[in-house]
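Enquirer: Take a look and give me a structure for this.
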Amino acid sequence: MFRSGPPFLLVTGGKGGVGKTTIAANLGVELAALELNPLVCDLDFGLANLDVVLGLEAHRTIEHFLRGDATLEECALDTPFGMRVLAAGSGSYEMGRPDPRRRLRLREALARSSARIVVGDSPAGIGDDVLDFAVMADRVLVVTTPEPAAVTDAYGVIKAVDSYARDQGVEVPTPEVFVNLATDAGEARSIAAKLAGVCERFLARSPRLVGWMPRSQSVLRAVIDQRPFVVQDPSAPPARSIGRLARRYADLSALRGPAGGTATVSKASHGVGR
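Expert: Sure, this is the predicted structure:
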């Protein structure tokens, strides 16, 4: 964990295409609506697309910070959606290679951020650039879909986080689960129950279902338009799902303020009352 500074929520998933970047981006918008000054970071250093999902043009990225060309705060991009975004580069072989010194430097800078909560959008898979950030997170949100391969890979992420934490000698909270593209609440609960059953049997961990989102044309349109769906269609079921998720994680801001103090949660603006 950061131990000081803002709490850190990592959004991850074992399989590409489950929607974790879209969920992280829209979650950031909803946390901003709760006046939590979130910083949403693209942690896929080699193939980033958080800025693309939001239709943003980032002139400075994490790569500029890691090269020493700018501070982290200078690289953080103000957005029309209330949160700041820390974009990453795309197509850089060097940045795509795992580097523990790079992760440590970024970790230390994020712990000094002025944000009240940091949301990390991780790469898919179980590489060191995923697991290192997972074991320092206050919460890990594993995104899956009902597709069997996605559920299998979600278990793989939870298993890898558990194993990595044991190797590092640290305690980590059990990752939580969000089911995307579910037919209904019953299917989401069924998927989560199967996943929890396997985790309980083999890992002695019981991941909780913390939300689900239906397949929706409003989300597809927003993705194509490169806009947050919580802004483009705030009354649709997917937007309400992310609003509930944001309110769940808003309490994390009370753990530590930006300087290690206690923060309070404001209930203003859109995302509340859904």
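Enquirer: Lowest average confidence across helices and strands of the protein, where is it?
Expert: Lowest by mean pLDDT, DSSP states H and E among the helices and strands of the chain is helix 93-96, with a mean of 58.
Enquirer: Any stretches of the protein with poor pLDDT?
Expert: Scanning the chain for pLDDT under 70 picks out 1-4, 91-98, 255-274.
Enquirer: That one: strands as residue ranges?
Expert: 8-12, 38-42, 77-78, 84-86, 117-121, 139-144, 176-182, 209-214 (DSSP state E).
Enquirer: Work out the sheet partners of the third one and label each with its direction, please.
Expert: Each strand pairing with strand 77-78, determined using DSSP bridges, is listed with its direction: strand 84-86 (antiparallel).
Enquirer: coming back round to it: which one of the strands of the chain lies nearest to residue 163?
Expert: Taking C-beta to C-beta, strand 139-144 is the member of the strands of the chain nearest to residue 163, at 13.9 Å. Where you see a C-beta, it was placed from the backbone N, CA and C, and this is true even at glycine.
Enquirer: Relative to residue 55, how far out is the residue lying farthest from the centre of the chain?
Expert: Most distant from the centre of the chain: residue 201, at 26.7 Å, with distances by C-alpha atoms, centre = their mean. Distance, residue 201 to residue 55, using C-beta to C-beta, to the nearest Å: 44 Å.
Enquirer: Residue 86 too?
Expert: 16 Å.
Enquirer: Looking at these two, which has the bigger crowd around it?
Expert: A direct count of neighbours by other C-beta atoms under 10 Å for residue 86 and residue 55 places residue 86 higher, at 31 against 13.
Enquirer: wait, doesn't the more buried one sit right on residue 77?
Expert: Yes: using C-beta atoms under 8 Å, residue 86 is in contact with residue 77, at 7.3 Å.
Enquirer: Now tell me what touches stretch 67-83 from outside.
Expert: When contacts are defined by C-beta atoms under 8 Å, 6 or more residues apart in numbering, stretch 67-83 is touched by residues 28-29, 31-33, 37-40, 51, 54, 56, 58, 60-62, 64-65, 84-87, 106, 109-110, 112-114, 228, 231, 269.
Enquirer: cool, stretch 201-219 as well?
Expert: 19, 22-23, 141-142, 158-159, 162, 174-185, 188-189, 192, 195-196, 199-200, 229, 232-233, 236-239, 241-242, 244-245, 248.
Enquirer: With stretch 161-180 instead?
Expert: Residues contacting stretch 161-180 (C-beta under 8 Å, 6+ apart): 12, 18-19, 23, 131-132, 134-135, 137-146, 154, 157-158, 187-188, 191-192, 195-196, 199, 203, 205-213, 245.
Enquirer: what's the burial count for residue 174?
Expert: Neighbours around residue 174, by other C-beta under 10 Å: 18.
Enquirer: Ok, the one 4 residues further on next?
Expert: Neighbour count of residue 178, defined by other C-beta under 10 Å: 28.
Enquirer: Identify the bridge partners of it.
Expert: residue 143, residue 211.
Enquirer: And it, how far from residue 12?
Expert: Noted for residue 178: a distance of 10 Å to residue 12, by C-beta to C-beta.
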